[in-house]
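Trainee: my questions are about this predicted structure, shown below with the sequence.
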Amino acid sequence: MSSPRGQAWSALRRLNRLLAMRSVALVTLLAPAIAACDGASAFRPMYGSAAISDTSAKLAAVEFGTIPGRVGQKIRNELIFQATGGGYPLPPEYHLDVAIREQVVSTLVRKDGDSQSQVYNLEAKFQLIRIADKKILLEGTSYGRAAFERYDSIYSNVKAREDAENRAARAVAQDIKTRLAAFLSGAV
């Protein structure tokens, strides 16, 4: 008669064999489907190893037009850095125009009329234009919102708003960059 420990080990070995056989069966069933996805299919990862260099090169070939104001300059600088990674841009094939609209909305208004908190809203409408034929390839709108508190100190209020503007500008730039990358990679 075997011990309970010996029975447990033999059951564990049987379970391991069963799992190994199931894994082999699963691989043999999925092998034709995996082989069919050799790159000729419509699915292409936007950030895959082959797609990264192609998409990065296309992003580096985007020329970013000037955007008026401090927040506009912040968005443009973020887009340039995200597109080139701090390197040199390629000769431009595309031009991106961005127009922004800013708004500050007061929330939590006290009885005396002073606001305790505000929300900075940023709306950026953009157009990607192919330079060769001046055709608009992509257009859209991106939004950024950032809340900030109001204080008694004027300096604190200025810094809080500036910080909110920077956060909203980074969010808008990231959204536009992601949408450009998706479009230029052919994923959209």
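Mentor: It's in.
Trainee: what ranges do the strands span in the chain?
Mentor: Assigned strands in the chain, in chain order: 62-64, 94-109, 115-130, 135-149 (criterion: DSSP state E).
Trainee: run through the bridge partners of A99.
Mentor: Legend: beta-bridge partners of A99 under DSSP bridges are K125.
Trainee: hang on, isn't it packed against E139?
Mentor: No: assessed by Cβ atoms under 8 Å, A99 is found out of contact with E139, at 10.9 Å. Backbone N, C-alpha and C define where each C-beta goes, glycine included.
Trainee: quick one, which of these two is more surrounded?
Mentor: Legend: neighbour count by other Cβ atoms under 10 Å for A99 and E139, higher for A99 (14 against 11).
Trainee: got any residues that touch both of A99 and E139?
Mentor: Shared contacts of A99 and E139 (Cβ atoms under 8 Å, 6 or more residues apart in numbering): 125-126.
Trainee: who touches the nearest residue to D163 once chain neighbours are set aside in this structure?
Mentor: Distances taken as Cβ to Cβ, 6 or more residues apart in numbering place F148 nearest to D163, at 6.6 Å, with adjacent residues excluded. When contacts are counted by Cβ under 8 Å, 6+ apart, F148 is found next to 117-120, 160-161, 163-164.
Trainee: of the residues you listed, which is the most crowded?
Mentor: Of these, with other Cβ under 10 Å as the count, Y120 tops at 24 neighbours.
Trainee: lovely, talk soon.
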